[in-house]
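Participant: Sequence and predicted structure, then a few things I'm wondering about:
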Amino acid sequence: ETKCPENTPETYGDKIELIEGETYYIEAVHVHRDSIASNTTNFLQISFLQSNTFLTEKDLTLASSEKQGFWVQETRVLEKQKITFEGISGAELTLTHNGIPSQSPVYSDDFSDWAENVDTMFQWQCTKSQNRFKLVNDMEDPDYKFDGQGGQYWSYGINSEPFCGKTVLSKPYGLLRLSGNWDQPGLEISSEAKFFCFAHKGTAFYNGIDIYVQYQTTHWQTWRSWVNVPVEGLGESKDEWTYQCIDMEEAFLNNKASWITHWYREGSPVQLLHLNMAHDTNTRKDGFLDELSFGSKENTIERIAPAFASSTGRMEEVIVNSTSADSVEIEFNPYTCQTEEETFSLMGVVGGTIDEMTTAATGADLMQEQIAFLKSNDKATFSVGGGKVIVERLSKESPKMEGTFSLTLEGKTVTAEPYIEWYNLQDIFENEFGLMGVEMGDHHWDTCYKFSRSWTYAYIGGDQPEIELDYSNVINYGEADSVRGDAWTSRDGGVKIIQPGGDFFRQPAEGSDPQVTVWVNGFLCLCAGGADCSFSYDSSLTPTILGVTDTLVDGSIELTITGTGFTTDASDFTIDVGGRNCEATVATSSSVTCTLENGPAGDFDITLWVQSRGQASGSVTFTLSLTVDSFSPSSGSVGGGTTLTILGTGFPNTMDEWESNEVAVGGSSCTITETSYTEVKCVTPKESTSRRRKRALADLTVTVNGQTVSASGQYNYDASSTPTITTLDPVTATPMGGDTLTIIGTTFGYESPFNTV
């Protein structure tokens with residue numbers, strides 16, 4: 001009882017070119033057991049992938065865009081060194097590489113922490129000026145993020161050299177998102193989180209940072225607002241890291257909007273709830289962050305470069321094995337690909353002299369000579385405290401691949417070097433192969449022993465010829481004859497025909513009419529017993545529409561549509577007017593009358609179906625005109641807030657439909673509160689200060705779907721209708737509140753939805 005999880009094909013057979021006019025035979029054998037036939041849908045399904053198409057995933061859900069790629073790989077040799085101790089027991093040693101010492105010592109009789117110690121040498125080591133933070137993230141724990149923090153942690157990738165440690169954060173939009181409730185309170189930016197410190201690199205960032213803060217107003221209310229904070233230098237450097245701290249309290253006070261300044265109660269606590277950092281999604285622009293912290297004091301960081309020859313080197317793993325009580329072997333496994341000049345030197349020992357060297361140099365000159373010796377030799381014996389530390393190279397790291405590889409597509413060949421950046425390969429595909437619709441992927445996870453690239457035919461539909469790879473000119477320094485590679489296609493382009501209709505599988509007789517097919521529970525019915533399942537088209541039966549007129553009847557619009565080939569049964573009609581239903585009420589052979597569903601004014605195409613005959617031909621457009629019959633009241637306060645009732649036709653039925661439409665008084669928007677096809681209510685804006693006077697007339701206009709009409713009368717801004725305040729008693733009160741305030745003035749009986757004290 002095999003059951004398919006879904007009726008969507010996962011694989012297809014070999015491609016077959018179908019030639020128009022030819023017939024093809026398909027046989028599918030399927031056994032549907034009686035025991036399950038009664039309660040299980042037939043799951044036999046024949047599907048096709050149409051390879052010859054211009055459609056892609058961006059055009060059609062059932063389309064698939066071709067995805068191809070290639071890879072080139074070698075079996076590299078890892079650097080392996082052995083350190084042996086003679087005449088030394090329990091000695092405390094500080095190791096070096098390229099003259100850079102480890103930050104903590106190791107012991108000659110305890111190898112338990114050697115791997116961590118050496119691994120730390122090969123990353124950016126940082127010392128902070130303080131260790132007390134409200135929140136801190138050094139990006140080294142892949143499972144830890146601030147609440148609401150986005151972005152991805154990168155431990156490798158082009159230009160992703162960390163500021164500290166091994167890992168950076170790539171392109172986060174949100175860095176912090178707190179609810180501000182008791183279980184997730186905001187950060188106090190006047191105390192515990194006064195300084196936000198972070199390292200940044202890349203040109204993707206722009207427009208500073210956006211902070212969402214909670215504060216108190218002069219009315220002792222709690223408000224929340226967004227504030228944009230400019231950050232000097234953010235997004236300006238492509239390759240260089242910048243570490244800086246922002247005084248968040250000062251940033252809020254200096255950059256808040258003027259209306260916040262008006263209402264903000266000075267000295268009240270301010271809490272940070274959200275922090276966002278806008279960035280460009282262009283994959284050619286990097287945006288990296290590291291060492292994020294919120295604290296009460298400004299932080300500084302001192303950095304020590306990795307012990308690699310190049311500071312951009314990244315270590316995947318250091319493996320330390322104790323081979324005896326007085327010797328240890330160290331194997332280095334880097335992510336990054338190093339040139340011959342950048343490969344590992346022998347490890348050194350601080351304070352030791354090298355027996356194999358003869359030199360009179362001292363101080364810095366001696367150190368430089370030792371660095372050069374350890375780089376070019378495979379053994380060094382250090383004299384340390386009356387004993388010896390012998391460092392031997394067991395295997396030398398193989399440099400990265402060199403040479404070239406070639407790609408051939410439809411007879412055209414291009415060459416490139418291994419590890420070519422994805423965007424440079426994109427340029428080759430566009431400029432050399434002419435593939436303007438291809439999107440190249442960024443394989444930032446590639447290691448130095450395996451190089452790969454992939455691309456999607458995002459805007460080029462159908463099956464594509466597979467690219468050919470030639471890696472015979474790649475130079476390998478690892479194991480002999482270990483270079484290998486291949487080109488691949490993981491997804492063919494095309495359109496999936498999941499369930500072809502019955503006609504697809506029938507061979508019609510020459511000159512015969514199309515056949516009507518019926519499916520029941522997935523099975524195609526048979527035309528049995530001499531039944532005629534053919535269908536023919538007759539142009540003489542096709543209805544046409546010629547014109548349309550309209551009238552207003554009891555508040556509704558009635559359309560009369562004229563044409564030919566109609567029936568006299570009103571229920572036989574389905575009429576669509578620009579997406580609105582028009583219900584037929586009376587029909588003759590040459591006209592039909594229908595009542596149009598209420599809706600806003602505009603120009604609408606009419607589509608008509610006579611169900612017993614088919615869709616009507618012809619093109620007719622109906623224009624529903626916008627009208628304003630009256631509005632009331634005709635006057636109101638110069639401060640606005642008067643609710644107007646406007647009567648007419650062609651208004652939007654819903655508030656959503658007003659989004660791109662407008663009622664204006666004196667050129668300013670009148671806020672819509674209620675709406676229907678024939679009536680709309682809105683709240684007047686205040687009168688323009690440029691012409692404010694005791695009495696002023698303003699035009700009332702309505703704009704809907706490109707039509708604009710004006711009311712026959714004008715709206716009067718009347719100062720006598722405007723509430724005024726003449727006296728407040730008392731004018732001072734205690735901060736605790738509770739006093740009775742008496743307000744004396746005029747026109748307090750004026751009604752408005754915005755009345756507040």
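Facilitator: All right, it came through fine. Numbering: from 1, shown residues only.
Participant: Who are the packing partners of the longest helix seen in the chain?
Facilitator: The longest helix of the chain (DSSP state H) is helix 363-376. In terms of contacts (3 or more CB pairs under 8 Å, 6 or more residues apart in numbering; DSSP states H and E), helix 363-376 is packed against strand 348-349, strand 353-354. Yep, even glycine has a C-beta here, placed from its N, CA and C like the rest.
Participant: Show me which of these has the highest average neighbour count.
Facilitator: Greatest average neighbour count among the helices and strands packed on helix 363-376 goes to strand 348-349 (a mean of 24), per mean count of other CB atoms under 10 Å.
Participant: Are we agreed that residue 540 is in a helix?
Facilitator: Yes - looking at residue 540 with DSSP: H, G, I helix; E, B strand; the rest coil, it is inside a helix.
Participant: helix, strand or coil for the nearest residue to residue 686 once chain neighbours are set aside?
Facilitator: Distances taken as CB to CB, 6 or more residues apart in numbering place residue 640 nearest to residue 686, at 3.7 Å, with adjacent residues excluded. When classified by three-state DSSP, residue 640 comes out as coil.
Participant: how many neighbours does residue 640 have?
Facilitator: By the measure other CB atoms under 10 Å, the count of residues near residue 640 is 19.
Participant: wait, it sits on residue 683?
Facilitator: Yes - Residue 640 lies in contact with residue 683 (CB atoms under 8 Å); the separation is 7.1 Å.
Participant: quick revisit: next one: the residue nearest to residue 686 from residue 582, what distance?
Facilitator: Distance, residue 640 to residue 582, by CB to CB, to the nearest Å: 40 Å.
Participant: residues in contact with residue 299?
Facilitator: Applying CB atoms under 8 Å, 6 or more residues apart in numbering to residue 299 gives the contacts 128, 129, 130, 133, 195, 197, 245, 293.
Participant: Now tabulate those residues in a markdown table and tack on pLDDT and secondary structure.
Facilitator: Shown next, in a markdown table, are the contacts of residue 299 (pLDDT from 0 to 100; DSSP: H, G, I helix; E, B strand; the rest coil):
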| residue | pLDDT | secondary structure |
| --- | --- | --- |
| 128 | 95 | strand |
| 129 | 95 | coil |
| 130 | 92 | coil |
| 133 | 96 | coil |
| 195 | 97 | strand |
| 197 | 97 | strand |
| 245 | 97 | strand |
| 293 | 97 | strand |
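Participant: how close does the closest residue to residue 744 other than its chain neighbours sit to residue 742?
Facilitator: Spatial nearest neighbour of residue 744, chain neighbours left out: residue 727 (4.1 Å); criterion: CB to CB, 6+ apart. For residue 727, the distance to residue 742 (CB to CB) stands at 8 Å.
Participant: so how far is residue 718 from the spatially most central residue of the chain?
Facilitator: Nearest to the mean C-alpha position of the chain, counting by CA atoms, centre = their mean, stands residue 281 at 7.5 Å. Separation of residue 281 from residue 718 (CB to CB) stands at 53 Å.
Participant: Residue 678: what's it in contact with?
Facilitator: 555, 598, 647, 648, 649, 651.
Participant: so what's the fifth one up against?
Facilitator: If I follow you right, that is residue 649. Contacts for residue 649 (CB under 8 Å, 6+ apart) come out as 552, 557, 601, 625, 626, 627, 629, 677, 678.
Participant: Validate this expectation: residue 485 resides in a strand.
Facilitator: Yes - counting by three-state DSSP, residue 485 is part of a strand.
Participant: thinking again about what came up before, could you turn the buried ones of the contacts of residue 649 into a ChimeraX selection?
Facilitator: Filtering those down to the buried ones (16 or more other CB atoms under 10 Å) takes a single ChimeraX command:
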select :557,601,626,627,677,678
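Participant: picking that back up, so the residue nearest to the centre of the chain, which of the three states?
Facilitator: Assignment for residue 281 (three-state DSSP): coil.
Participant: pLDDT score assigned to it?
Facilitator: Looking at residue 281, its pLDDT stands at 90.
Participant: Can you report phi and psi for it?
Facilitator: Backbone geometry at residue 281, expressed as degrees, to the nearest 10, gives phi -80, psi 0.
Participant: In contact with it, which residues?
Facilitator: Contacts of residue 281 by CB under 8 Å, 6+ apart are residue 171.
Participant: Next: residue 541.
Facilitator: 565, 613, 614.
Participant: Most neighbours out of these, which is it?
Facilitator: Using other CB under 10 Å as the neighbour criterion, residue 565 leads those with 17 neighbours.
Participant: I'd like the average pLDDT over stretch 428-436.
Facilitator: On average, stretch 428-436 scores 93.
Participant: Compute the first-to-last residue distance for that stretch.
Facilitator: End-to-end distance of stretch 428-436 (CA to CA, to the nearest Å): 10 Å.
Participant: Same question for stretch 140-154.
Facilitator: 10 Å.
Participant: Show residues contacting that stretch.
Facilitator: 135, 137, 139, 160, 165-178, 184, 274, 288-289, 292, 444.
Participant: Repeat the analysis, applying 6 Å as the threshold.
Facilitator: With CB atoms under 6 Å, 6 or more residues apart in numbering as the test, stretch 140-154 has contacts from 139, 160, 165, 167-178.
Participant: Please list only the buried members of those residues.
Facilitator: For those, buried by 16+ other CB under 10 Å: 139, 160, 165, 167-172, 174-178.
Participant: In JSON lines, list the residues you listed along with distance to residue 594 and pLDDT.
Facilitator: Output for those, formatted as JSON lines (distance: CB to CB, whole Å; pLDDT from 0 to 100):
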{"residue": "139", "distance to residue 594": "66", "pLDDT": "94"}
{"residue": "160", "distance to residue 594": "66", "pLDDT": "83"}
{"residue": "165", "distance to residue 594": "73", "pLDDT": "92"}
{"residue": "167", "distance to residue 594": "68", "pLDDT": "92"}
{"residue": "168", "distance to residue 594": "66", "pLDDT": "94"}
{"residue": "169", "distance to residue 594": "62", "pLDDT": "95"}
{"residue": "170", "distance to residue 594": "59", "pLDDT": "94"}
{"residue": "171", "distance to residue 594": "56", "pLDDT": "93"}
{"residue": "172", "distance to residue 594": "57", "pLDDT": "94"}
{"residue": "174", "distance to residue 594": "53", "pLDDT": "94"}
{"residue": "175", "distance to residue 594": "58", "pLDDT": "96"}
{"residue": "176", "distance to residue 594": "58", "pLDDT": "96"}
{"residue": "177", "distance to residue 594": "53", "pLDDT": "96"}
{"residue": "178", "distance to residue 594": "57", "pLDDT": "96"}
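Participant: With respect to residue 574, which of those is nearest?
Facilitator: Among the buried ones among the contacts of stretch 140-154, residue 174 lies closest to residue 574 (CB to CB), at 49.4 Å.
Participant: Can you tell me who that closest one pairs with across the strands?
Facilitator: Judged by DSSP bridges, the bridge partners of residue 174 are residue 276.
Participant: dump the residue contacts of it.
Facilitator: Listed by CB under 6 Å, 6+ apart, the contact set of residue 174 reads 148, 150, 276.
Participant: what about the helices in the stretch 251-400 of the chain?
Facilitator: Applying DSSP state H, counting those that start in this stretch to the stretch 251-400 of the chain gives helices spanning 258-263, 363-376.
Participant: Report the two of the contacts of stretch 140-154 separated the most.
Facilitator: Farthest pair in the contacts of stretch 140-154, by CB to CB: 160 and 178, 28.4 Å.
Participant: what number of residues lie near the residue nearest to residue 744?
Facilitator: By other CB under 10 Å, 9 other residues sit near residue 727.
Participant: And the one 3 residues further on, by the same measure?
Facilitator: Counted with other CB under 10 Å, the neighbours of residue 730 add up to 9.
Participant: Over to residue 321?
Facilitator: So residue 321, with other CB under 10 Å, has 14 neighbours.
Participant: Bridge partners for it, pull those for me.
Facilitator: Bridge pairing for residue 321 (DSSP bridges) gives the partners residue 329.
Participant: That concludes my questions; thank you for your assistance.
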